[in-house]
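Visitor: Next comes the sequence, and after it the predicted model I'd like to discuss.
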Amino acid sequence: MRTPELAAVGIDGSPASLAGRRMGNATGRAFSRRHALGLAGLGAVYLAAGCTSVRTERGRLRPAAGGQSLREPQVIDSRAGTLEVELVAAAGVELAGLATSALGFNGSSPGPTLRVRPGDRLRVRLVNRLDQPTNLHTHGLRVSPAGNADNPFVAVEPGQTFDYLIDIPADHPAGTFWYHPHHHGTAADQVFGGLVGALVVDRGPEMPVERDLIAVVTDTTLLADGSVAAVGHMDRMAGRHGELVLVNGQHRPSIAAAPGMAQRWRIVNACASRVLSLRLAGHRLTQVAADGVFLPAPTTGDRVLLAPGNRADLVIRPEATGRFELVADPYDAGGMPMGGASAPVTLATLAVDGPAGRSAALPTELPAEPMAEGPVAARRRLTLATGMGMGMGGMSFTIDGRTFDPDRDDQTVRLGTVEEWDIVNSSPMAHPFHLHTWPFTVIADSAGGTPTGTAQDVVLVPPQSWVRLRIAFTAHPGRSVYHCHVLDHEDAGMMATIAVHA
């Protein structure tokens, strides 16, 4: 298929060619004149709306000093083919070493880590002790979206319970996934409040590591009384960034290691909007999996970029003693004034000490899934756009010119087919595109990059750019959604429905 000259309309209404735009490095990109004009236009909307920001003058909660040993969430394993758990969504958890009225599952944020195996049955009783509706999404799992399974259209009202029944396919890949609320209109507030947890599918190949740890990254803003700060229109439009960035609910924890002994870090970007551009001082990062799927071979680089919802499995092998900071650098996602991160954030510290050892070398090949083959039954083009409108603060967030309607079928797909989708971002801000249930492979983009050839479930689409996805709709008939994983944008309408049937 020919790479299209994808003409987009900028915020000023003029055409902008997307072909040939190059994506910059992970720490940011230079603004084009059109991009700057777009941001200026959006900024004018904010000022006209009289928007306020989460960055108010009210007092802030002062986190406990960092350096505490990293604590991992409680692990709940499946037994005899079933994992049965009650998850209570409620206020009142410890964050940054202090008691708060932030949100969590079963009294903690993140909630318990759920560990299942291919072929297991996952039974979750969700108890809603919030003051607003909620539900549960098992992000990245390739499971049925129908009925009581991973159904994004379920609404669990305050005081109610809902029993989820999710069958994990016997051929499901082993990897790192996560769970969070997905009720339209409340998802961003609830994830920002702390309602997240890791979900691991076991029985993958063993990595030669001394420690296999979960690191769930969240961000939030807490007032001095321990409550989550209210978020204004400006932060919702830009995508909120919390002032506290936490790992497993801790502020700058310490991860102990011995020289020469490898560790596997399963990092989950569970932030509502923040892109994580990760680097580890004094080390290169070796990645073995992305979005719960093994790469064809370990890859090593200076940093790893995670959009909201992305996961990365890293193998860290420290060689020298000392303390090394894990840092999230600023990333230019096309944020608006006062939106986005403007300074590096230290997430954790790797503390290397003790007698040296030597873990075995990583395998040179990993069990990556092959890309979907076969004839392409359909090609589609979806456009993510922002503009002036009657939406949030005078802004509209749309897919193909429409905001979310749960009763409308936006895409109808025949079960058993393979399709290619062009996801076009005509807006001046980045949008991470997420499709439920059916993983995709990026096969081309407007930056001319080299695709990894592996399946994923979130892809970051830079401003005024496009990506091409190959998607196999070979299992799980039903109805679900695709959306921007900046959850404020999703809640504002940048979400649509897909129905897959025989």
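Guide: Structure's in. What do you need? Residues are numbered from 1 along each chain as shown.
Visitor: drop to CA atoms for contacts and neighbour counts, all remaining ones
Guide: OK.
Visitor: which secondary structure element contains Phe459?
Guide: That one is not Phe; residue 459 is Val. strand 458-461 (DSSP states H and E).
Visitor: Give me the residues contacting that strand.
Guide: 291, 307, 309-310, 423-425, 430-435, 467, 485 (C-alpha atoms under 8 Å, 6 or more residues apart in numbering).
Visitor: Show only the entries of these found in strands.
Guide: 423-425, 431-435, 467 (DSSP state E).
Visitor: helices and strands of this structure: which one bottoms out on pLDDT?
Guide: Among the helices and strands of the chain, strand 15-17 carries the lowest confidence by mean pLDDT, DSSP states H and E, at a mean of 33.
Visitor: Among the ones in strands among the contacts of strand 458-461, filter down to the buried ones and hand me the ChimeraX syntax, if you would.
Guide: A single ChimeraX command selects the buried members of the ones in strands among the contacts of strand 458-461 (16 or more other C-alpha atoms under 10 Å):
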select :423,424,425,431,432,433,434,435,467
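Visitor: OK, contacts around the spatially most central residue of the chain?
Guide: In the chain, the residue lying closest to the centroid (C-alpha atoms, centre = their mean) is Gly309, at 0.9 Å. Residues near Gly309 by C-alpha under 8 Å, 6+ apart: 139, 268-271, 458, 485.
Visitor: now with 6 Å?
Guide: 269-270 (C-alpha atoms under 6 Å, 6 or more residues apart in numbering).
Visitor: Tell me the spacing between it and Arg211.
Guide: 24 Å (C-alpha to C-alpha, to the nearest Å).
Visitor: same question, Gly104
Guide: 26 Å.
Visitor: who's more crowded, the two?
Guide: A count of neighbours by other C-alpha atoms under 10 Å puts Gly104 above the other of Gly104 and Arg211, at 27 against 14.
Visitor: Not counting its own residues, what contacts the helix or strand containing Val245?
Guide: Using DSSP H and E, Val245 sits in strand 244-247. Residues outside strand 244-247 that contact it (C-alpha under 6 Å, 6+ apart): 215-221.
Visitor: buried set for the helix or strand immediately after it in the chain?
Guide: Next in sequence after strand 244-247, counting helices and strands by DSSP H and E, comes strand 254-257. Neighbour counts over strand 254-257 (16+ other C-alpha under 10 Å) mark 254-255, 257 as buried.
Visitor: For the strand holding Val245, what is the distance to the chain centroid?
Guide: 15 Å (C-alpha atoms, centre = their mean, to the nearest Å).
Visitor: Let me know how buried the nearest residue to Ala430 once chain neighbours are set aside is, in neighbour terms.
Guide: Of all residues not flanking Ala430 in the chain, Pro462 sits nearest, at 4.3 Å (C-alpha to C-alpha, 6 or more residues apart in numbering). By other C-alpha under 10 Å, the residues close to Pro462 number 27.
Visitor: surely Pro462 meets Pro428?
Guide: No. Using C-alpha atoms under 6 Å, Pro462 makes no contact with Pro428, being 8.3 Å away.
Visitor: Mutual contacts of those two, please.
Guide: Residues touching both Pro462 and Pro428 (C-alpha under 6 Å, 6+ apart): there are none.
Visitor: Okay, domains of the chain per the record?
Guide: 7-21+369-501, 75-201, 211-352 (automatic domain parsing).
Visitor: Least confident of those, on average?
Guide: Comparing mean pLDDT across those, the weakest is domain 7-21+369-501, with a mean of 87.
Visitor: CA atoms only for stretch 219-239, dumped as PDB, please.
Guide: This file holds the C-alpha atoms of stretch 219-239, laid out as PDB (Å, rounded to 0.1, in the frame of the first residue of the first chain):
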ATOM      1  CA  ASP A 219       1.500  10.700  39.400                       C
ATOM      2  CA  THR A 220      -0.900  12.800  41.300                       C
ATOM      3  CA  THR A 221      -1.100  16.100  43.200                       C
ATOM      4  CA  LEU A 222      -2.000  16.000  46.900                       C
ATOM      5  CA  LEU A 223      -3.100  18.900  49.100                       C
ATOM      6  CA  ALA A 224      -1.800  19.400  52.600                       C
ATOM      7  CA  ASP A 225      -4.900  17.600  54.000                       C
ATOM      8  CA  GLY A 226      -4.100  14.500  52.000                       C
ATOM      9  CA  SER A 227      -6.800  15.000  49.400                       C
ATOM     10  CA  VAL A 228      -6.300  14.800  45.600                       C
ATOM     11  CA  ALA A 229      -6.100  18.300  44.100                       C
ATOM     12  CA  ALA A 230      -9.000  19.300  41.900                       C
ATOM     13  CA  VAL A 231      -7.900  19.600  38.200                       C
ATOM     14  CA  GLY A 232      -8.800  22.700  36.200                       C
ATOM     15  CA  HIS A 233      -9.800  22.900  32.500                       C
ATOM     16  CA  MET A 234      -6.300  23.800  31.300                       C
ATOM     17  CA  ASP A 235      -4.800  20.600  32.800                       C
ATOM     18  CA  ARG A 236      -7.600  18.500  31.400                       C
ATOM     19  CA  MET A 237      -7.100  19.900  27.900                       C
ATOM     20  CA  ALA A 238      -3.300  19.500  28.000                       C
ATOM     21  CA  GLY A 239      -3.500  16.200  29.900                       C
END
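Visitor: Now do that stretch: distance to the chain's middle.
Guide: In terms of C-alpha atoms, centre = their mean, the centre of stretch 219-239 is found 19 Å from the chain centre.
Visitor: Equivalent analysis for stretch 255-265, please.
Guide: With C-alpha atoms, centre = their mean, you get 25 Å for stretch 255-265.
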